[in-house]
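In: No letters, just coordinates:
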């Protein structure tokens, strides 16, 4: 799993993007220090559903019914 950098925009809010590939379950450490929203898209940028469990305000577990390739999870 690859992560992009946490970014702060003009409003001061942070976001984080995690690249999800090669598994059906991912433990993502986003470091945003909040229970952020999570939107997941597939390789075609279509929004997909997954089970998202908040482990803490910096960590989320994402589970799919099967292994995924080139998906991304956006946190903000």
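Out: Perfect, I can see it now. Not measured: the values here are computed from a predicted model.
In: Can you pull the poorly scored residue ranges out of this structure?
Out: Per-residue confidence of the chain (counting by pLDDT under 70) places the weak regions at 1-12.
In: Just the buried positions in the helix or strand hosting residue 27, please.
Out: Under the assignment given by DSSP states H and E, the secondary-structure element containing residue 27 is strand 23-29. Across strand 23-29, burial judged by 16 or more other C-beta atoms under 10 Å covers 26, 28. C-beta coordinates here come from the backbone N, C-alpha and C atoms, glycine included.
In: For it, which helices and strands make contact with it?
Out: Based on contacts counted as 3 or more C-beta pairs under 8 Å, 6 or more residues apart in numbering; DSSP states H and E, the elements that strand 23-29 packs against are strand 14-20, strand 59-68, strand 71-75.
In: ok, the first one: who's next to it in the sheet?
Out: Next to strand 14-20 in the sheet, as set by DSSP bridges, lie strand 2-3 (antiparallel), strand 7-8 (antiparallel), strand 71-75 (antiparallel).
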